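1. Show me the folded form of this:
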Amino acid sequence: MSFSKAIKGTPFAFSKGPATEKELALIEFPLVQTCDTKTLGRHNLIGFCIMVVIMLLLGWGMIEFEIPMEMIILFVMLWSLLCWSALKTALVTLATPGEWTVTLDRSGLDWRSPDESLEASFFLPLSRVECIGTEQNWAPGPFYKCLYGNVIVLKDGSRFHPPSRAMVNTNMIHAGLQKLGKPYRITHIRPIKMNGNRADPSVTERPSQ
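-> So this is what the prediction gives:
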């Protein structure tokens, strides 16, 4: 199943809080997710095309606002480096046969990469996982203080982020860990008072629990 179809067919696509009873009921072990390199390569290629379009639009806007030519040239050079990196990643992924296989069961999380040069395979034992915690997401303006997402918290206090390159639905992994008995805890969030539609800058960050 392709990544797009998998996302459309699951209630976990945009889950941010603890998994609901309905979501947990859908989890069966072993929980296996796959993503082939061709699908990921095509998504990366689309991302490259979007970056090129953005560069052209921003460049045109800079010309319209009569930005000095030196600044425009510098912008194009820097953005071109980003585009080249994205294109290189897409082409390498497309040229690599195979697929990612991610398996979660009672022993832990097993992440198998199609090629170690793309991404290292690993195994995370379930015994090392403390809980599913939260961490703050970046967002502009007042929303910065109130948006957060889920993260795997290990028993040594560190936070573990499964690789995003394989485009595996990590919310399903979080829900699976909950079903395996790992609790959901608020571990990093700023309380916030709203003054109209603006955040109160006097509110300080709550210590991690």
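
2. Secondary structure element holding F75?
-> helix 69-95 (DSSP states H and E).

3. how about the helix or strand following that helix: buried residues?
-> Per DSSP H and E, the first helix or strand lying C-terminal to helix 69-95 is strand 99-105. For strand 99-105, a neighbour-count test (16 or more other C-beta atoms under 10 Å) marks 99-104 as buried. For the C-beta atoms, the positions are set from N, CA and C on the backbone; glycine is no exception.

4. what does strand 99-105 contact?
-> Strand 99-105 has contacts (C-beta atoms under 8 Å, 6 or more residues apart in numbering) with 29-37, 40, 109-114, 119, 162, 166, 168, 173, 176-177, 180.

5. if you look at those, which of them are in helices?
-> With DSSP state H as the criterion, helices contain 37, 40, 173, 176-177 from among those.

6. Where does the prediction get shaky in this protein?
-> Applying pLDDT under 70 to the chain flags the ranges 1-16, 137-147, 165-166, 188-209.

7. Centre of it to the edge, which residue is at the far end?
-> What lies farthest from the middle of the chain is E66; by C-alpha atoms, centre = their mean that is 37.2 Å.

8. what helix or strand is the residue nearest the centre of the chain on?
-> A centroid search over the chain (C-alpha atoms, centre = their mean) returns S164, at 5.1 Å, as the residue closest to the centre. For S164, there is no helix or strand it lies in under DSSP H and E.

9. Setting aside sequence neighbours, what's the nearest residue to it?
-> T170 (7.6 Å; C-beta to C-beta, 6 or more residues apart in numbering).

10. Looking at the ones in helices among the contacts of strand 99-105, spot the one nearest L154.
-> L177 (11.6 Å; C-beta to C-beta).

11. Is the closest one in contact with R128, as I believe?
-> No. Judged on C-beta atoms under 8 Å, L177 makes no contact with R128 at a distance of 11.3 Å.

12. okay, now the domains of this structure?
-> If you go by automatic domain parsing, the domain ranges for the chain are 3-35+98-199, 41-95.

13. Pick the most buried one from those.
-> domain 3-35+98-199 (a mean of 15; mean count of other C-beta atoms under 10 Å).

14. and the helix holding F75, what does it pack onto?
-> helix 37-64 (3 or more C-beta pairs under 8 Å, 6 or more residues apart in numbering; DSSP states H and E).

15. and the helix it packs on, what does it pack onto?
-> Using 3+ C-beta pairs under 8 Å, 6+ apart, helix 37-64 sits against helix 3-8, helix 69-95.
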